[in-house]
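Visitor: Build me a model from this:
(one chain, ligands or ions: 1)
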Amino acid sequence: MLRLDGVTVRFDGHTALDAVDLEVADHEIVCVLGPSGSGKSTLLRVVAGLQHADAGRVLLSGRDQHGVPAHKRELGLMFQDHQLFPQRDVAGNVGFGLRMRGAGRAEQAAAVAELLDLVGLPGAQRREVPSLSGGEQQRVALARALAPSPRLLMLDEPLGQLDRALRERLVVELRALFRRLGTTVLAVTHDQGEAFALADRIVVMDGGRVAQAGTPLEVWRSPASEFVARFLGFENVVPATVRDATADTPWGTVRVPAASPQGERKVLVRPTGVRLTAPGDGLPCTVTGRTFRGGPASVVSLLLQPADAPPLEATCPLPHAPEEGGRVGVSFDPDGVVVLHEGGAAG
Ligand SMILES: Nc1ncnc2c1ncn2[C@@H]1O[C@H](COP(=O)(O)OP(=O)(O)OP(=O)(O)O)[C@@H](O)[C@H]1O
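Guide: Residues are numbered from 1 along each chain as shown. Down below sits the predicted model:
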(Lines give C-alpha, C1' and ligand atoms only; values in the text may rest on other atoms or scores of the structure.)
Protein backbone atom coordinates (compact mmCIF):
# COMPACT_ATOMS: atom_id res chain seq x y z
CA MET A 1 0.00 0.00 0.00
CA LEU A 2 2.63 2.52 1.12
CA ARG A 3 6.37 2.35 0.58
CA LEU A 4 9.07 4.87 1.44
CA ASP A 5 12.45 4.32 -0.20
CA GLY A 6 15.34 6.28 1.31
CA VAL A 7 13.24 9.36 2.03
CA THR A 8 15.35 12.30 3.21
CA VAL A 9 14.14 15.74 4.29
CA ARG A 10 16.48 18.58 5.27
CA PHE A 11 15.62 21.94 6.83
CA ASP A 12 18.42 24.53 6.66
CA GLY A 13 21.10 21.88 6.90
CA HIS A 14 19.27 19.98 9.66
CA THR A 15 18.26 16.46 8.56
CA ALA A 16 14.71 15.80 9.81
CA LEU A 17 14.41 12.47 7.94
CA ASP A 18 17.50 10.50 7.06
CA ALA A 19 17.09 7.86 4.31
CA VAL A 20 13.93 6.37 5.83
CA ASP A 21 12.64 3.06 4.44
CA LEU A 22 9.16 2.04 5.54
CA GLU A 23 6.35 -0.19 4.27
CA VAL A 24 2.72 -0.38 5.28
CA ALA A 25 0.73 -3.35 3.95
CA ASP A 26 -2.96 -3.35 3.07
CA HIS A 27 -5.12 -3.41 6.25
CA GLU A 28 -2.06 -2.99 8.46
CA ILE A 29 -1.90 -0.56 11.40
CA VAL A 30 1.60 0.90 11.73
CA CYS A 31 2.53 3.27 14.55
CA VAL A 32 5.58 5.50 14.32
CA LEU A 33 6.87 6.12 17.83
CA GLY A 34 9.62 8.49 18.89
CA PRO A 35 10.56 11.43 21.07
CA SER A 36 9.80 15.04 20.17
CA GLY A 37 11.79 16.16 17.13
CA SER A 38 12.56 12.64 15.87
CA GLY A 39 10.82 13.35 12.54
CA LYS A 40 7.40 11.73 13.00
CA SER A 41 5.27 14.62 11.75
CA THR A 42 7.67 15.26 8.88
CA LEU A 43 7.22 11.63 7.84
CA LEU A 44 3.44 12.01 7.71
CA ARG A 45 3.71 15.30 5.86
CA VAL A 46 5.92 13.76 3.17
CA VAL A 47 3.46 10.90 2.65
CA ALA A 48 0.55 13.37 2.55
CA GLY A 49 2.31 15.49 -0.08
CA LEU A 50 2.52 18.50 2.27
CA GLN A 51 6.31 18.31 2.47
CA HIS A 52 8.81 17.93 -0.36
CA ALA A 53 11.42 15.14 -0.02
CA ASP A 54 15.03 16.08 -0.82
CA ALA A 55 15.78 12.47 -1.76
CA GLY A 56 14.00 9.14 -2.00
CA ARG A 57 10.57 8.07 -3.18
CA VAL A 58 7.06 7.72 -1.75
CA LEU A 59 4.95 5.04 -3.45
CA LEU A 60 1.22 4.51 -2.88
CA SER A 61 -0.23 1.30 -4.33
CA GLY A 62 3.03 0.98 -6.29
CA ARG A 63 2.81 4.45 -7.88
CA ASP A 64 5.51 7.05 -7.32
CA GLN A 65 3.80 10.10 -5.80
CA HIS A 66 6.36 12.61 -7.06
CA GLY A 67 4.39 15.58 -8.38
CA VAL A 68 1.01 14.22 -7.15
CA PRO A 69 -0.66 17.00 -5.10
CA ALA A 70 -1.97 16.29 -1.60
CA HIS A 71 -5.67 16.29 -2.51
CA LYS A 72 -5.11 13.69 -5.27
CA ARG A 73 -3.45 11.13 -2.97
CA GLU A 74 -6.75 9.79 -1.54
CA LEU A 75 -5.47 9.89 2.03
CA GLY A 76 -7.39 10.55 5.23
CA LEU A 77 -5.67 12.87 7.66
CA MET A 78 -6.39 13.44 11.31
CA PHE A 79 -4.02 15.82 12.99
CA GLN A 80 -3.27 16.55 16.62
CA ASP A 81 -5.50 19.58 17.01
CA HIS A 82 -8.27 17.89 15.00
CA GLN A 83 -9.33 21.24 13.50
CA LEU A 84 -13.10 20.78 13.28
CA PHE A 85 -14.98 23.65 11.65
CA PRO A 86 -16.48 25.33 14.72
CA GLN A 87 -19.23 27.12 12.78
CA ARG A 88 -20.57 23.88 11.25
CA ASP A 89 -22.54 21.25 13.14
CA VAL A 90 -21.38 17.63 13.44
CA ALA A 91 -23.03 16.55 10.18
CA GLY A 92 -21.46 19.51 8.36
CA ASN A 93 -18.04 18.44 9.61
CA VAL A 94 -18.36 14.72 8.90
CA GLY A 95 -19.89 15.31 5.45
CA PHE A 96 -17.20 17.79 4.38
CA GLY A 97 -15.08 15.38 2.29
CA LEU A 98 -18.16 13.85 0.70
CA ARG A 99 -19.44 17.29 -0.31
CA MET A 100 -16.06 18.11 -1.84
CA ARG A 101 -16.40 14.96 -3.93
CA GLY A 102 -19.82 16.08 -5.16
CA ALA A 103 -21.94 13.56 -3.20
CA GLY A 104 -25.68 14.36 -3.19
CA ARG A 105 -27.61 15.32 -0.04
CA ALA A 106 -29.23 11.92 0.48
CA GLU A 107 -25.96 10.06 -0.02
CA GLN A 108 -24.21 12.42 2.40
CA ALA A 109 -26.91 12.06 5.04
CA ALA A 110 -26.83 8.26 4.88
CA ALA A 111 -23.02 8.14 5.06
CA VAL A 112 -22.88 10.63 7.95
CA ALA A 113 -25.44 8.63 9.94
CA GLU A 114 -23.50 5.41 9.38
CA LEU A 115 -20.16 6.99 10.34
CA LEU A 116 -21.59 8.52 13.51
CA ASP A 117 -22.90 5.07 14.49
CA LEU A 118 -19.44 3.64 13.82
CA VAL A 119 -17.63 6.12 16.06
CA GLY A 120 -20.19 5.77 18.84
CA LEU A 121 -22.05 9.08 18.39
CA PRO A 122 -25.37 7.98 16.87
CA GLY A 123 -27.81 10.82 16.24
CA ALA A 124 -25.26 13.60 16.91
CA GLN A 125 -25.73 15.22 13.45
CA ARG A 126 -27.19 18.52 14.67
CA ARG A 127 -24.91 19.06 17.67
CA GLU A 128 -22.68 22.13 17.62
CA VAL A 129 -18.91 21.56 17.81
CA PRO A 130 -18.32 23.76 20.91
CA SER A 131 -20.88 21.67 22.84
CA LEU A 132 -18.87 18.45 22.37
CA SER A 133 -16.38 17.08 24.91
CA GLY A 134 -12.75 16.54 23.84
CA GLY A 135 -13.34 12.83 23.29
CA GLU A 136 -16.49 13.49 21.25
CA GLN A 137 -14.65 16.01 19.07
CA GLN A 138 -11.97 13.40 18.50
CA ARG A 139 -14.61 10.92 17.33
CA VAL A 140 -16.13 13.50 14.97
CA ALA A 141 -12.67 14.22 13.54
CA LEU A 142 -12.17 10.50 13.02
CA ALA A 143 -15.56 10.14 11.29
CA ARG A 144 -14.65 13.07 9.05
CA ALA A 145 -11.30 11.49 8.11
CA LEU A 146 -12.96 8.12 7.40
CA ALA A 147 -15.86 9.57 5.36
CA PRO A 148 -14.25 9.61 1.89
CA SER A 149 -13.02 5.96 2.43
CA PRO A 150 -9.34 6.88 2.15
CA ARG A 151 -6.97 4.15 1.00
CA LEU A 152 -4.64 5.13 3.85
CA LEU A 153 -5.66 6.85 7.08
CA MET A 154 -2.93 8.93 8.71
CA LEU A 155 -3.21 9.97 12.34
CA ASP A 156 -0.89 12.48 14.04
CA GLU A 157 -1.06 12.08 17.84
CA PRO A 158 -4.72 11.11 17.42
CA LEU A 159 -5.46 11.07 21.15
CA GLY A 160 -2.81 13.56 22.26
CA GLN A 161 -5.09 16.09 23.93
CA LEU A 162 -7.22 13.69 25.94
CA ASP A 163 -6.82 12.49 29.49
CA ARG A 164 -5.26 9.10 30.10
CA ALA A 165 -8.38 7.12 31.01
CA LEU A 166 -10.21 8.31 27.90
CA ARG A 167 -7.17 7.64 25.71
CA GLU A 168 -6.86 4.10 26.99
CA ARG A 169 -10.52 3.42 26.19
CA LEU A 170 -10.52 5.14 22.79
CA VAL A 171 -7.38 3.40 21.59
CA VAL A 172 -9.01 -0.01 22.12
CA GLU A 173 -12.14 1.18 20.29
CA LEU A 174 -10.06 2.59 17.44
CA ARG A 175 -8.22 -0.66 16.92
CA ALA A 176 -11.47 -2.64 16.88
CA LEU A 177 -12.99 -0.15 14.43
CA PHE A 178 -10.01 -0.22 12.04
CA ARG A 179 -10.00 -4.02 12.15
CA ARG A 180 -13.70 -4.16 11.34
CA LEU A 181 -13.38 -1.69 8.44
CA GLY A 182 -10.06 -3.13 7.20
CA THR A 183 -8.58 0.39 7.32
CA THR A 184 -4.89 0.78 6.53
CA VAL A 185 -3.41 3.14 9.12
CA LEU A 186 -0.17 5.04 9.60
CA ALA A 187 -0.23 6.77 12.99
CA VAL A 188 2.42 8.74 14.84
CA THR A 189 2.62 9.17 18.58
CA HIS A 190 5.17 9.80 21.30
CA ASP A 191 3.11 7.68 23.71
CA GLN A 192 4.39 4.13 23.79
CA GLY A 193 1.27 2.79 25.54
CA GLU A 194 -0.88 4.14 22.72
CA ALA A 195 1.42 2.69 20.04
CA PHE A 196 1.54 -0.73 21.69
CA ALA A 197 -2.25 -0.88 22.07
CA LEU A 198 -3.01 0.30 18.53
CA ALA A 199 -0.35 -1.12 16.24
CA ASP A 200 0.27 -4.33 14.35
CA ARG A 201 3.77 -3.02 13.80
CA ILE A 202 5.81 -0.31 15.51
CA VAL A 203 8.52 1.84 13.97
CA VAL A 204 10.73 3.61 16.54
CA MET A 205 12.39 6.80 15.25
CA ASP A 206 15.55 8.41 16.60
CA GLY A 207 16.88 11.64 15.10
CA GLY A 208 15.22 11.13 11.71
CA ARG A 209 16.24 7.47 11.40
CA VAL A 210 14.40 4.22 11.99
CA ALA A 211 15.91 2.82 15.19
CA GLN A 212 13.78 -0.35 15.13
CA ALA A 213 10.73 -1.80 13.39
CA GLY A 214 8.78 -4.86 14.53
CA THR A 215 5.61 -6.09 16.18
CA PRO A 216 4.91 -4.55 19.59
CA LEU A 217 5.95 -7.85 21.20
CA GLU A 218 9.22 -8.06 19.25
CA VAL A 219 10.18 -4.49 20.10
CA TRP A 220 9.25 -4.93 23.77
CA ARG A 221 11.02 -8.30 24.07
CA SER A 222 14.19 -7.35 22.25
CA PRO A 223 14.86 -3.62 21.99
CA ALA A 224 17.48 -3.17 19.25
CA SER A 225 19.55 -0.58 21.11
CA GLU A 226 20.03 1.30 24.35
CA PHE A 227 18.08 4.22 22.82
CA VAL A 228 15.03 2.02 22.16
CA ALA A 229 15.29 0.34 25.57
CA ARG A 230 15.43 3.70 27.39
CA PHE A 231 12.67 5.14 25.22
CA LEU A 232 10.47 2.21 26.30
CA GLY A 233 11.18 3.21 29.88
CA PHE A 234 13.85 0.66 30.79
CA GLU A 235 16.59 2.26 32.89
CA ASN A 236 18.75 -0.75 33.75
CA VAL A 237 21.09 -0.74 30.74
CA VAL A 238 24.85 -1.23 31.20
CA PRO A 239 27.87 -2.26 29.12
CA ALA A 240 28.81 -5.92 29.61
CA THR A 241 31.06 -8.67 28.33
CA VAL A 242 29.02 -11.71 27.35
CA ARG A 243 30.60 -15.14 27.23
CA ASP A 244 28.41 -18.24 26.74
CA ALA A 245 25.52 -17.95 29.20
CA THR A 246 26.92 -15.23 31.49
CA ALA A 247 27.59 -11.51 31.29
CA ASP A 248 30.14 -9.57 33.33
CA THR A 249 28.34 -6.36 34.30
CA PRO A 250 28.99 -3.55 36.79
CA TRP A 251 26.42 -5.40 38.97
CA GLY A 252 28.51 -8.59 38.91
CA THR A 253 28.17 -11.75 36.85
CA VAL A 254 24.64 -12.20 35.55
CA ARG A 255 23.22 -15.26 33.80
CA VAL A 256 21.78 -14.46 30.35
CA PRO A 257 19.32 -16.41 28.16
CA ALA A 258 20.73 -19.17 25.90
CA ALA A 259 21.83 -18.05 22.40
CA SER A 260 22.36 -14.41 23.48
CA PRO A 261 24.72 -12.28 21.33
CA GLN A 262 28.33 -12.63 22.52
CA GLY A 263 31.23 -10.26 23.24
CA GLU A 264 31.17 -6.56 24.16
CA ARG A 265 27.47 -5.66 24.41
CA LYS A 266 24.87 -3.67 26.28
CA VAL A 267 22.72 -5.62 28.69
CA LEU A 268 19.21 -4.68 29.78
CA VAL A 269 17.77 -6.02 33.02
CA ARG A 270 14.01 -5.53 33.19
CA PRO A 271 12.78 -4.34 36.60
CA THR A 272 10.90 -7.66 36.85
CA GLY A 273 14.24 -9.48 36.44
CA VAL A 274 15.67 -7.89 39.60
CA ARG A 275 14.91 -10.25 42.51
CA LEU A 276 15.08 -9.08 46.08
CA THR A 277 16.88 -11.39 48.48
CA ALA A 278 17.83 -11.12 52.13
CA PRO A 279 20.54 -8.55 53.02
CA GLY A 280 23.91 -10.31 52.84
CA ASP A 281 22.68 -12.55 50.01
CA GLY A 282 23.54 -11.42 46.45
CA LEU A 283 24.47 -7.83 45.47
CA PRO A 284 24.08 -5.54 48.53
CA CYS A 285 21.93 -2.45 47.81
CA THR A 286 20.28 0.41 49.69
CA VAL A 287 16.69 1.34 48.82
CA THR A 288 16.89 4.98 47.69
CA GLY A 289 13.45 5.36 46.10
CA ARG A 290 10.04 3.78 46.54
CA THR A 291 7.04 4.74 44.37
CA PHE A 292 3.63 3.13 44.60
CA ARG A 293 2.41 2.47 41.05
CA GLY A 294 -1.01 1.09 41.94
CA GLY A 295 -2.74 -1.06 39.33
CA PRO A 296 -4.47 -4.40 39.89
CA ALA A 297 -1.20 -5.99 41.11
CA SER A 298 -0.43 -3.19 43.65
CA VAL A 299 3.08 -2.82 42.34
CA VAL A 300 5.82 -0.70 43.91
CA SER A 301 8.77 0.63 41.89
CA LEU A 302 12.04 0.62 43.79
CA LEU A 303 15.30 2.39 43.13
CA LEU A 304 18.23 0.40 44.50
CA GLN A 305 21.76 1.74 44.91
CA PRO A 306 24.65 -0.75 45.04
CA ALA A 307 27.89 0.45 46.69
CA ASP A 308 29.92 0.76 43.52
CA ALA A 309 27.69 0.36 40.45
CA PRO A 310 24.86 2.17 38.62
CA PRO A 311 21.45 2.26 40.34
CA LEU A 312 18.94 -0.48 39.59
CA GLU A 313 15.20 -0.22 39.07
CA ALA A 314 13.13 -3.05 40.49
CA THR A 315 9.45 -3.79 40.98
CA CYS A 316 7.87 -5.66 43.80
CA PRO A 317 4.34 -6.32 45.14
CA LEU A 318 3.28 -3.87 47.85
CA PRO A 319 3.18 -6.34 50.77
CA HIS A 320 6.85 -7.27 50.17
CA ALA A 321 8.20 -3.79 49.40
CA PRO A 322 11.10 -2.73 51.67
CA GLU A 323 11.11 0.77 53.16
CA GLU A 324 13.23 3.61 51.78
CA GLY A 325 16.67 3.50 53.41
CA GLY A 326 16.40 -0.26 53.97
CA ARG A 327 19.13 -2.73 53.00
CA VAL A 328 18.40 -5.57 50.57
CA GLY A 329 20.28 -8.13 48.48
CA VAL A 330 19.70 -8.53 44.76
CA SER A 331 19.95 -11.48 42.38
CA PHE A 332 19.02 -11.57 38.70
CA ASP A 333 16.48 -13.71 36.86
CA PRO A 334 17.87 -14.67 33.41
CA ASP A 335 14.34 -14.43 31.94
CA GLY A 336 14.42 -10.70 32.72
CA VAL A 337 17.83 -10.13 31.10
CA VAL A 338 18.20 -9.10 27.43
CA VAL A 339 21.54 -8.83 25.65
CA LEU A 340 21.14 -6.04 23.09
CA HIS A 341 22.49 -6.56 19.58
CA GLU A 342 24.06 -3.11 19.72
CA GLY A 343 27.81 -3.26 20.53
CA GLY A 344 28.95 -2.25 24.02
CA ALA A 345 31.15 0.66 22.92
CA ALA A 346 28.45 2.46 20.89
CA GLY A 347 25.85 4.95 22.15
N1 LIG B 1 9.16 23.57 8.61
C2 LIG B 1 10.28 23.33 9.29
N3 LIG B 1 11.35 24.15 9.22
C4 LIG B 1 12.49 23.89 9.90
N5 LIG B 1 12.66 22.81 10.70
C6 LIG B 1 11.64 21.97 10.82
C7 LIG B 1 10.39 22.17 10.14
N8 LIG B 1 9.55 21.15 10.46
C9 LIG B 1 10.24 20.35 11.31
N10 LIG B 1 11.48 20.82 11.52
C11 LIG B 1 12.52 20.20 12.37
O12 LIG B 1 12.66 18.85 11.95
C13 LIG B 1 12.82 17.97 13.08
C14 LIG B 1 11.71 16.92 13.07
O15 LIG B 1 10.48 17.56 13.35
P16 LIG B 1 9.09 16.78 13.45
O17 LIG B 1 8.02 17.79 13.69
O18 LIG B 1 8.94 15.89 12.27
O19 LIG B 1 9.33 15.90 14.75
P20 LIG B 1 8.27 15.09 15.60
O21 LIG B 1 8.92 13.79 15.91
O22 LIG B 1 6.97 15.06 14.92
O23 LIG B 1 8.18 15.95 16.93
P24 LIG B 1 6.91 16.25 17.90
O25 LIG B 1 6.63 14.96 18.59
O26 LIG B 1 7.45 17.29 18.82
O27 LIG B 1 5.79 16.72 17.02
C28 LIG B 1 12.81 18.87 14.30
O29 LIG B 1 14.15 19.13 14.66
C30 LIG B 1 12.11 20.14 13.82
O31 LIG B 1 12.57 21.27 14.54
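
Visitor: For Arg57, give the beta-bridge partners.
Guide: Here Arg57 sits in beta bridges with Asp5, going by DSSP bridges.

Visitor: which residues does it contact?
Guide: Residues near Arg57 by CB atoms under 8 Å, 6 or more residues apart in numbering: Arg3, Leu4, Asp5, Gly6, Val7, Asp64, Gln65, His66. For glycine as for every other residue, the C-beta is placed from the backbone atoms N, C-alpha and C.

Visitor: filter the residues you listed to the buried ones?
Guide: Among those, those scoring as buried are Arg3, Leu4, Asp5, Val7, Gln65 (criterion: 16 or more other CB atoms under 10 Å).

Visitor: which one of those residues sits closest to Arg179?
Guide: Checking those against Arg179 with CB to CB, the nearest one is Arg3 at 22.7 Å.

Visitor: tell me, how many neighbours does the closest residue to the ligand within the stretch 51-200 of the chain end up with?
Guide: Per CB to the nearest ligand atom, His190 is where the stretch 51-200 of the chain lies closest to the ligand, at 5.0 Å. Neighbours of His190 under the rule other CB atoms under 10 Å: 18.

Visitor: Just confirm it contacts Ser36, I think it does.
Guide: Yes: with contact defined as CB atoms under 8 Å, His190 and Ser36 form a contacting pair (6.3 Å).

Visitor: returning to that earlier point: pick the one among the buried ones among the contacts of Arg57 closest to the ligand.
Guide: Distance to the ligand across the buried ones among the contacts of Arg57 (CB to the nearest ligand atom) is lowest for Val7, with 12.1 Å.

Visitor: Can you check what pLDDT the model gives the residue of the chain most remote from its centre?
Guide: Residue farthest from the centre of the chain, counting by CA atoms, centre = their mean, is Gly280 at 41.0 Å. Per-residue pLDDT puts Gly280 at 87.

Visitor: picking that back up, out of the contacts of Arg57, who's nearest Met100?
Guide: Distances from Met100 to the contacts of Arg57, taken by CB to CB, are shortest for Gln65, at 20.0 Å.

Visitor: which residues does that closest one contact?
Guide: Going by CB under 8 Å, 6+ apart, Gln65 touches Gly49, Arg57, Val58, Leu59, Arg73.

Visitor: where does the first one fall, phi/psi-wise?
Guide: Read that as Gly49. Per-residue torsions, Gly49: phi 90, psi 20 (degrees, to the nearest 10).

Visitor: show me what contacts it?
Guide: Contacts for Gly49 (CB under 8 Å, 6+ apart) come out as Gln65, Val68, Pro69, Ala70, Lys72, Arg73.

Visitor: Can you tell me which of those are buried?
Guide: Buried members of those, counted by 16+ other CB under 10 Å: Gln65, Arg73.

Visitor: Now tell me what touches the longest helix seen in the chain from outside.
Guide: If you go by DSSP state H, the chain has its longest helix at helix 164-181. Residues from elsewhere that reach helix 164-181, judged by CB under 8 Å, 6+ apart: 29, 118-120, 134-135, 138-139, 142, 146, 153, 158-159, 162, 183, 185, 191, 193-194, 197-198.

Visitor: Quick one: the strands in the stretch 1-150 of the chain, in order.
Guide: Along the stretch 1-150 of the chain, counting by DSSP state E, counting those that start in this stretch, strands occupy 2-11, 14-24, 29-33, 55-60, 63-64, 75-78.

Visitor: Give the full set of residues in contact with the nearest residue to Ala297 once chain neighbours are set aside.
Guide: Nearest residue to Ala297, sequence neighbours excluded (CB to CB, 6 or more residues apart in numbering): Pro317, at 6.5 Å. By CB under 8 Å, 6+ apart, the contact list for Pro317 reads Ala297, Ser298, Val299, Val300.

Visitor: Cool, thanks, talk later.
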